[in-house]
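> here you go, sequence then predicted model.
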Amino acid sequence: MRLRVFLSIFLMMILAACSSTKTVVSDEVVFFGEGKYWDVKYTFNPELYKEKKISWVEMEAKDLELSKLDLDQLVVELESRDGTVSGKVGDMEVKIEGKVLSFVVGTVNTDTFLEDEYKLKINYEDQQDVIKLKVE
């Protein structure tokens, strides 16, 4: 009887451990999401992150003309399971090509997994997008 109980508990522990396994990102991966005003990509490259502790975000405007955009009024907040980074895009090093605005972000997670999801809040004047980013 004790052997049965022990084996049952052991089997449940193994099943629980297997079901909570996450896949560590080992190559560049893109977390993507769509909002009302923006399509967003958060790109994580483990080698770049290991070297410089950075990743980058690309935001493609759907209806805004980026040349008329006041970057000091554009505020972003990237939330992960480990914390949140936020700031005015005007205070960041930004690259604009056509309808795509790109910028670098610092540490977001201590570890990055393919199963991770991020939430990006984008505020500009009276518009707000809250976009969930995940690997497709």
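Everything's here; your move.

> separation between the residue nearest the centre of the chain and Asp91?
Residue closest to the average C-alpha location in the chain (CA atoms, centre = their mean): Tyr118, at 4.1 Å. For Tyr118, the distance to Asp91 (CB to CB, to the nearest Å) stands at 20 Å. In this view, the C-beta of every residue, glycine as well, is placed from N, C-alpha and C.

> next: Phe113.
Applying CB to CB to Phe113 and Asp91 gives a distance of 29 Å.

> these two: who's more crowded?
Phe113 (15 against 11; other CB atoms under 10 Å).

> and the residue lying closest to that one once chain neighbours are set aside, what does it touch?
Setting aside the residues directly before and after it, Phe113 is nearest to Lys22 in space (CB to CB, 6 or more residues apart in numbering), at 4.1 Å. Counting by CB atoms under 8 Å, 6 or more residues apart in numbering, Lys22 touches Phe113, Leu114, Glu115.

> how about Leu66?
Going by CB under 8 Å, 6+ apart, the list of residues near Leu66 reads Ile96, Gly98, Lys99, Leu101.

> please tabulate these in a markdown table, including the columns secondary structure.
Formatted as a markdown table, the contacts of Leu66 follow (DSSP: H, G, I helix; E, B strand; the rest coil):
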| residue | secondary structure |
| --- | --- |
| Ile96 | strand |
| Gly98 | coil |
| Lys99 | coil |
| Leu101 | strand |
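
> give the buried subset of these as a ChimeraX selection command.
Remark: buried members of the contacts of Leu66, expressed as a ChimeraX selection using 16 or more other CB atoms under 10 Å:
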select :101
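
> does Val75 touch Asp91 like I think?
No - using CB atoms under 8 Å, Val75 is not in contact with Asp91; the gap is 9.8 Å.

> circling back to that earlier point, widest-spaced pair of the contacts of Leu66?
Gly98 and Leu101 (9.6 Å; CB to CB).
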